[in-house]
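Engineer: Build me a structure from this.
(chains A, B and C)
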Amino acid sequence: MRDDAKDISHFYLGVKDLFEFPRDPKEAIELQKKICSFVITEDYCDIEKVRLIGGIDVAYKGRGAKEGCAVALIWDRLTGETVEAVYVEESINFPYIPGLLSFRELPIAIKAFDKLSLKADLWMIDGAGIAHPRRLGIAAHFGVVLGLPAIGVAKSRLIGSHLSVPRTKGSWVPLRQNGEVIGHVLRTRSDVRPLYVSPGHKVSLLQSANLVLACCSRYRLPEPTRLAHQLVTAKVHSN
DNA sequence: GCGACAG
DNA sequence: ATCTTGTCGC
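Structural biologist: Take a look at the predicted model:
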């Protein structure tokens, strides 16, 4: 199937299924198995022209972790400025289960996304892209549902193995499961724990690593994700 | 059966 | 993710 055909995944899978979030973990896994076939892991856009990059981060209030808060923002990598940022709250019921994070955080993430008036060229999401048991981490799920380019930026490993990463900024080694390369372990700052970067949707393995690196200045996390996290944390602490 | 396990 | 203080270092 051509990329162009896959691009209208909404038509084949049905909008109803794509925006559905089962309460039952087993149903969630079955849904992942269906949606993962629509993920595109190839060069899809000219990364040189990717200027507006979106970032989303979710935080929780209290120990019950029932109240979720999220910030979605759009960052302009040419000016280095945040062009727009929105904040939303929503009760979260689905528990955290390794491999099913999107069923817990994607609903509120989409709620925040919908509140934005501007459009980003590409999105960076906290968590895995295709570096996931069923190749559908939250970044891939997000990308397919919204039909937009997305990259998974995780601070720790979900699956896969890799060799040690050279200690200098910009170094990376492939993250693989069996023989398949599912992402890159990227050092975004010298002598600082590396990031686990993997394509979410409509971007390749190399584009993902290069874009994330291009968005890192003096911090471990790329600006879109770092700023979103900074805003939710501040918002949660003040309210 | 025993660990591992994004946020 | 969240509960939590100070502290070492560029």
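Engineer: alpha carbons only for contacts and neighbour counts from here, please
Structural biologist: OK.
Engineer: so where's chain A shaky on pLDDT?
Structural biologist: A:1-16, A:63-65, A:239 (pLDDT under 70).
Engineer: Helices along chain A, start to end?
Structural biologist: With DSSP state H as the criterion, chain A has helices at A:3-6, A:9-13, A:15-18, A:25-35, A:102-115, A:138-146, A:205-214, A:223-238.
Engineer: So for chain A, the centremost residue is which one?
Structural biologist: When CA atoms, centre = their mean is applied to chain A, the residue found nearest the centroid is A:Ile125 (2.4 Å).
Engineer: Leaving out chain neighbours, which residue sits closest to the residue in chain A positioned nearest to DNA strand C?
Structural biologist: Using CA to the nearest atom of the strand, the single residue of chain A nearest to DNA strand C is A:Ala59, 4.0 Å away. Nearest residue to A:Ala59 in three dimensions, chain neighbours excluded: A:Cys69, at 5.2 Å (CA to CA, 6 or more residues apart in numbering).
Engineer: if we can go back for a sec, which ones are touching the residue of chain A closest to DNA strand C?
Structural biologist: Contacts for A:Ala59 (CA atoms under 8 Å, 6 or more residues apart in numbering) come out as A:68-70, A:232-233, A:236.
Engineer: How about A:Phe19: what's its closest non-neighbour residue?
Structural biologist: A:Phe19 sits nearest to A:Val145 (CA to CA, 6+ apart), 6.9 Å away.
Engineer: Find the nearest non-adjacent residue to A:Val58, please.
Structural biologist: Spatial nearest neighbour of A:Val58, chain neighbours left out: A:Ala70 (4.3 Å); criterion: CA to CA, 6+ apart.
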